[in-house]
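> 3D, please:
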Amino acid sequence: MRLHAIPVSLLTLWVTCSVALHESDAGVVDWHKRLIGVPNTESRHTSPVFHRAVEQKSKQSIVLTATRSNVMAAVDPLDGSVLWRYVYEPEDNIVTFQQQGSVVASLSGTGGATLRTFNMLSGEPLIEKRLHEPETGLLIQPNNLGTFIAFGNKSHEIYTLTNGRIVNCFHNGEILWTWRAQDHSSQILYSTIQTTDDAVYVVGLASSFASYVLHVVALSPLTGEVLASASVPSTISNGLDEFLVLSDMVVWIEKSSIKSFALSPSLSGRSRTLPAASYEKLVNIGLGSHGMFIAVGTNGFGQLIACEDGNLVTSKNFERPSTPESFYAGGLDMHRNPYVSHVHVSTTTKFTAVEIFSPHLQGLLAEYILPWDMNTHGTITYVAMDVVNSDPDIILGRLLLTTSTGSVQIWQRESHLWTREEGLAELNAAKFVELPERVSGLTGEGRSEEGFVGRLVRQIKDVKDLPSYLVRFSKRFATGSYESATSSASVLPSPSVPQLPFRDAFGFRQVLVASTTYGKVYGIDTSNGDILWNRVLGVGSKAHERGAKVTPIPDKLFVTKTVGDVDGDTLKAGPEIVLLAKITSEESASEDILLFHLNALTGQDAVKVLAVDGPLEGLFVTSRPIQNVYMLQSDEIKVIVLLDSDLKVYLYPDDTVSKNMFAKAATTLTVPLTQVSQEGQRKLIGHQFGSKSYTEDEMEHSAFPTWTLSLPDGQDVQSLITPIRDPVASIGKVLGNRTTLYKYLNPHMVLVLTAPHSSSALNPNAHCGLYLLDSVKGSIVYQVALPIGRKTCNVKAAFTENWLVYHYYDDEHQGPGQTKGYKMVTVELYEGKEVDDKTRSSEISSYSDKMLDLTAYEQSFVYPHAISAIALTSTKFGITSKDIIVANVNGKIQSFSRRLVNPRRPVGRKPNSEETEEFLVQYDPLLPDDSRKVFSHNYDVAHARFITTSPALLESTSLVFVYGLDLFLSRVAPSNTFDVLNESFNKVQLVLTVIGLLGAIFVTRPMVTRKKLREKWYQ
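Residues are numbered from 1 along each chain as shown. Now for the predicted structure:
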């Protein structure tokens, strides 16, 4: 493609469309929550761990963890702040990490394809080395099997085990030697490396007919030469729970007994057995370097086993039983003395008991009850331990807890230090809810019942605030310090109603209700990102089943009552939201669908007004899978409509008013649903609703198919996007020659994205598809075939009114003027074939011949980045021009004016006088990557997945919320803040001018009066 200079007219347009955020606005009009994700506790090799660096003079420990969001991070245990983090690519998942001194090393990718090391204190990358191609990696579950990292005892070597059979030795970032297992037929999978001064031991299991056999290889630390290789006589049933490697021995469970094998360069020893006990599981507590582990007996009680002089001995018998709700953890103090903790959660009393044992002191260090609140944070899923002993006479246990709701906490004895709500890194739905105005403590029904005397007494009491109000008003009037569009939306809570949030003057402060995949709902203050409330969702009738789990259905969160719908006491009546969730368990294959109805201001159950201690209770809907959920609304009521897999209709609220409303609207409603055919193809099928008599007074509604979208062979429906339903301020666009293009405003349009079926992905003719459909009859309004970019259909699209924007990667180029790269295409639909052709598309039937009588204007632009999310701004009345909001993969949130991507920009010539009146400029294929349009400042908004927008009370301003790994919220004004005074407006001069005019009137008024009096004497 020929790149040429950007014309002056385009620069002018770009400047007029750009409203750069000032540095002083950062943190005032926006906020950013830097998250790391929920710690990955499925493996000991990725779970959180406390570590002290040798070079760290303060001896303060640091929490290191790998997370389910594929992040390696370090967290300060004192305040919970993120010291550093490294975000891996989604396909490069972390499989293991280890730490020693001030170095943290990780393996990522299939089979441990890539080695990375970091400075533990700063997070600075030290080494990044590709060990093998991810395509050649060993596919096995769990994915950390066959991978391991070990450090040299006295040297700086790093040893890596990858693909279960390859060991590499690194020195100063370079491979010193490599060892590969030669015998592939023995089915040996190596899983652990243990280093000593004399040898490097590679330990694994060889599969036999009914069990596993322990296999050990001793390598030379200098050359990698095999010193010895031995199969240890053993019978191991479960290689995950019955096999551990300590500093100088291997231990395993065989026939309920614990056996051990001492590691030596010759591997000539014999196995030993720990007598007089019966065991069923070994627990790695992270004290293998001290020769300690936990063995759980068949009686359910745990024992601390230690290695002393080459023999295993029982060091401690724990009094409380080991249950699925019990956790063991080991930790070290600043002198590297070991400690062991046992956290036991009683399912009957709900108490959380903690025991901390000191092996080197031979005694119980502490025993106490942890004030753990299951109703707020869920159940404990993992425990890590640290010991604080800054004072030699005071030793305090510090516990890190992860929970089933995704939060991370640190407790120092009974004191709670901090909580990180890392579940917010996995939001699956978010909605803005407008707040009510600030009112006094007596509102709604209370005021209407207070009577004349009560009202008089209240107003007399309010008089005491009059002097302070006059002082504040005089100060604001004299200095001009009123709120502006860039003022902070944070407001002080009302002393009369402290639990009720209220909005600011411009409606920037709202409640952002968000649900996570961990079964928790949050109410977030949009002014500063603080959590106003949070609720744990209950599991309903599956509460007593093993492994019961609640998961909100993605994007099925509805605002059923707004501030304008609330009558009476706002605190008790709303606004309200409804959330759908599915409940699963390990004991049953069926899943229940529950509906949760909440007050958006407090998080309380909107159905049961009285506060109930415990998880939020949901309303059971059905045990069948849900096909679709949407909200049907009229001027009086909003009804939630659910369709199950049998296309049966469920209504909420299920009352007479809702049923009558749905019955009247059922004949005109249409809904497209995705269904899987017998051939495995995902198709889009349109449905309408019918009814039949269920009883004499009841009608049962169900959906039936009416049309099917015809797709090319091998194409599947990838996603279905519902257009943004914003107010339409203008039905047409007046051109420079005074003619009009009328917008195509079909209210039934839906956007469909398709992708090749997995069986046809390698077909050279395979492509991605984008369809704009009329959902009533399935007519295709607009369609385009797009190339498969980098082996995947990663098309991002947004649609509102008559404007469609989509982004894709184009790897096809046919000749001059074409190039590979990311492209953004903008499409505008107008009625008729010519200007001034009006078909009233928003009013006519979908079966009318004129419904498909339209013209599409489209143009493509080169955008230099891949994007992960796209959205369009939204304002209260739809008057303000819309911006495109994109989140690119570089962690930046950027906006583009609609005028910049106008598809009617003249191509290959300068605009004429009529086009200049419309502010059209000559087409340039490259969208300037202007940093002034990056309104996320220097924030790194990592792995953004979704963008949602909401109007403020100001027509000029739109709120933008971006969520993925991080949370980011800001406000944008696509047409500038035309409805408020500019910050540079000289308010002081205005006040002085008014005062001067009043003074002039005061002086000249007597003069004019005397002049008129003299004139009367001469008349």
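
> what average pLDDT does stretch 170-184 get?
Here stretch 170-184 scores 87 as its mean pLDDT.

> can I get that stretch in CSV, CA atoms only?
Extracted in CSV, the C-alpha atoms of stretch 170-184 (Å, rounded to 0.1, in the frame of the first residue of the first chain):
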residue,chain,number,x,y,z
PHE,A,170,21.2,-23.2,32.3
HIS,A,171,24.2,-21.1,33.3
ASN,A,172,24.0,-17.3,32.8
GLY,A,173,21.1,-17.7,30.5
GLU,A,174,22.7,-20.2,28.2
ILE,A,175,22.2,-24.0,28.0
LEU,A,176,25.2,-25.7,29.6
TRP,A,177,24.1,-29.2,28.8
THR,A,178,21.0,-31.2,27.9
TRP,A,179,19.9,-34.7,28.8
ARG,A,180,17.2,-36.7,27.0
ALA,A,181,15.7,-39.9,28.2
GLN,A,182,16.6,-42.5,25.5
ASP,A,183,14.1,-45.3,26.3
HIS,A,184,10.7,-44.3,25.0
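
> so what touches that stretch?
115, 126-127, 129, 155-160, 165-169, 188, 190, 202, 217, 219, 223-224, 226 (C-beta atoms under 8 Å, 6 or more residues apart in numbering). (Glycine included, C-beta is placed from N, CA and C.)

> among those, which lie within helices?
Of the positions in those, not one sits in helices, assigned by DSSP state H.

> and the strands in the stretch 351-500 of the chain?
Secondary structure of the stretch 351-500 of the chain (DSSP state E, counting those that start in this stretch): strands located at 352-358, 363-370, 380-391, 394-403, 407-412, 415-421, 427-434.

> over to the stretch 551-700 of the chain?
576-584, 592-599, 619-622, 626-633, 638-644, 649-652, 670-676, 682-693, 699-708.

> do you know how far Gly618 is from Asp565?
Separation of Gly618 from Asp565 (C-beta to C-beta, to the nearest Å): 22 Å.

> the closest residue to Glu254 other than its chain neighbours and Phe209, how far apart?
Distance criterion C-beta to C-beta, 6 or more residues apart in numbering; nearest residue to Glu254, sequence neighbours excluded, is Thr235 at 5.2 Å. For Thr235, the distance to Phe209 equals 11 Å [C-beta to C-beta].

> next one: Trp31
For Trp31, the distance to Phe209 equals 60 Å [C-beta to C-beta].

> so which of those two has more stuff around it?
Per other C-beta atoms under 10 Å, whichever of Trp31 and Phe209 has more neighbours is Trp31, with 20 against 4.

> skipping adjacent residues, who's closest to the more buried one in space?
Using C-beta to C-beta, 6+ apart, the nearest residue to Trp31 is Gly529, at 4.2 Å.

> would the one you found count as being in a strand?
No. Counting by DSSP: H, G, I helix; E, B strand; the rest coil, Gly529 is not part of a strand but coil.

> surely it and Ser970 touch.
No. Counting by C-beta atoms under 8 Å, Ser970 is not a contact partner of Gly529; they are 11.3 Å apart.

> so which of these two has more stuff around it?
Set side by side, Gly529 and Ser970 show more neighbours around Ser970, with 23 against 16, by other C-beta under 10 Å.

> ok but that one is inside a strand, no?
Yes. Counting by three-state DSSP, Ser970 is part of a strand.

> can you name the residues bridging to it?
Residues in a beta bridge with Ser970, per DSSP bridges, are Val960.

> give the contact list for it.
Contacts for Ser970 (C-beta under 8 Å, 6+ apart) come out as 21, 29-30, 893, 935-936, 959-960.

> what do you get for His701?
648-649, 662-663, 666, 689-691.

> which of those sit farthest apart?
Maximum pairwise distance in the contacts of His701, criterion C-beta to C-beta, is 15.3 Å, between Lys648 and Ala663.

> picking up where we left off before, would you format the strands of the stretch 551-700 of the chain as JSON lines with distance to Ala384 and mean pLDDT included?
Shown next, in JSON lines, are these (distance: least, C-beta to C-beta, whole Å; pLDDT from 0 to 100):
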{"stretch": "strand 576-584", "distance to Ala384": "28", "mean pLDDT": "93"}
{"stretch": "strand 592-599", "distance to Ala384": "32", "mean pLDDT": "93"}
{"stretch": "strand 619-622", "distance to Ala384": "38", "mean pLDDT": "92"}
{"stretch": "strand 626-633", "distance to Ala384": "38", "mean pLDDT": "90"}
{"stretch": "strand 638-644", "distance to Ala384": "42", "mean pLDDT": "92"}
{"stretch": "strand 649-652", "distance to Ala384": "43", "mean pLDDT": "92"}
{"stretch": "strand 670-676", "distance to Ala384": "43", "mean pLDDT": "89"}
{"stretch": "strand 682-693", "distance to Ala384": "43", "mean pLDDT": "86"}
{"stretch": "strand 699-708", "distance to Ala384": "51", "mean pLDDT": "88"}
